[in-house]
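Undergrad: Here's my sequence, what's the structure:
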Amino acid sequence: MIFFTCACISQAQVNYVLNPSLEQYSKCPTYDNQIRYADYWNCIDTDCNYTNGDTNCACMPEYCNICSTNSCCSVPNSATYSQYPHTGNGMAQVVMYFDNSFPNTNQRDYLQGRFNKPLTAGKNYCVTFYVCFEYANSSDPSGYAINNIGAYLDDGTIDADTIGCGMPHPSIIPQVHSSVIINDTVWVEIQGLITASGTERFITIGNFYDDAHTDTIAYPGTGNSWAAYLVDDVSVIEIGAKPDAGPDAYVSPGSDSATIGSSEEGLPLTWFVYGSLVPIGHTGSIKVHPDTTTTYVLSLDICDGGTTDTVTVFVSPAGVKPLTPKGEPSIWPNPAKGQLTVSNAAGNYLVIYDVVGREVPFDKLTMTSNKEVVDISGLVSGVYVVQIIAPDGSKKCMQMVKE
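TA: Got it, this is the predicted structure:
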């Protein structure tokens, strides 16, 4: 039996943005202007008449997903782009600018998402999103690249038919924007720091500046009048948040991959192997299959300089309990029969859960020394989770098998 730690209590959500990677959807996109199919996302035009078809909603972003077979919104290849999402399977396509000297006027798009709760007044937050210019390897690419792509956070006031969905809005000043022209056909991070007023519940992404204050690079060979960008992985994170690399894991040589990290989407994360600067992933959790014991580093890129967390995947022969790092709580033997020894947990207390997450009717046991013997003879045979809770509230979870 292999001894391993496991995540038993999920970490509170770090990202305020709901469905930040546009992964969840009510319907797979089949045509232009269907951003509303992505859960918690829409445009700012409350007058758009869905009953007459999406083509009446020219200022709506496209929802693009690998599930789609329509050339407007398929992944990775469509008529206007050839690109995978920054992470996952979904992303949005947003028209940020239109040259009004062209005869057939299109409208700008504005992409609006919701928060899981309002921001707190006076607190600082890091706003991050990723964009990719639509030009390379497509049959109908953008005719312009622009600057001033930004994000505006508010209470939803911008979501009103009196504002108009497809025009510039120079009176609205985005709290975060890029002052440089973005014409990279790879994903580019846009990030900035804000201090919340306490009313912010929505984030709206687009180009609010008028034509006179928007710098452009023209690509006349395309014959197209617009600047379109892909958008993915939108996050609003309170300064001081920490990444969650998850608990250490243990695998046998040649066994299945271990999953490390957390399942939260849309965060500005990068995974590395310890000692290397080569990224190996950008999602909250990744699968790894090391041949030898390996430590992985998870970096959270936020406006105060970022922070890291580490996790180690131990590769050990089946039936051999790996050595626990000195000073970390551990339990043994495992499997156990009548007694369980808890080491390196003085001052902490212990709770036991069954395999479906129910707390076993077992007193919360306070560890008074660094080697405590716990009577588990009353437990029926099966798999349990032992949770050791420190005075500061931090937790370590370990799987235990009761014979």
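Undergrad: List the contacts of the residue positioned nearest the centre of the chain.
TA: Among the residues of the chain, the one closest to the centroid is residue 266, at 1.9 Å (CA atoms, centre = their mean). Neighbour list for residue 266: 15, 17, 20, 21, 87, 233, 234, 235 [criterion: CB atoms under 8 Å, 6 or more residues apart in numbering]. (Glycine included, C-beta is placed from N, CA and C.)
Undergrad: Can you tell me, leaving aside adjacent residues, what's nearest to it?
TA: residue 20 (2.6 Å; CB to CB, 6 or more residues apart in numbering).
Undergrad: and if you look at residue 112?
TA: With CB to CB, 6+ apart, the residue lying closest to residue 112 is residue 204, at 4.5 Å.
Undergrad: same thing with residue 274?
TA: Nearest to residue 274 is residue 295, by CB to CB, 6+ apart, at 4.0 Å.
Undergrad: Test my guess that the one you found contacts residue 315.
TA: No: counting by CB atoms under 8 Å, residue 295 stays clear of residue 315, with 11.9 Å between them.
Undergrad: between the two, which one's more packed in?
TA: residue 315 (19 against 16; other CB atoms under 10 Å).
Undergrad: burial count for the closest residue to the more buried one other than its chain neighbours?
TA: Excluding the flanking residues, the one nearest residue 315 by CB to CB, 6+ apart is residue 293, at 5.1 Å. Residue 293: 14 surrounding residues under other CB under 10 Å.
Undergrad: try the one 3 residues further on
TA: When neighbours are counted by other CB under 10 Å, residue 296 registers 25.
Undergrad: which element follows whatever helix or strand it lives in toward the C-terminus?
TA: Assessed by DSSP states H and E, residue 296 sits inside strand 294-300. Once the chain leaves strand 294-300, the next helix or strand it forms, by DSSP H and E, is strand 307-315.
Undergrad: related to what we said a few turns ago, can you give me the neighbour number for the residue nearest to residue 266?
TA: 25.
Undergrad: Give me the secondary structure label for it.
TA: coil (DSSP: H, G, I helix; E, B strand; the rest coil).
Undergrad: From residue 128, how far out is the residue nearest to residue 315?
TA: 33 Å (CB to CB, to the nearest Å).
Undergrad: Where does pLDDT dip in this structure?
TA: The model of the chain has pLDDT under 70 over residues 1-12, 45-58, 103-106, 159-165, 255, 316-327, 355-357, 363-364.
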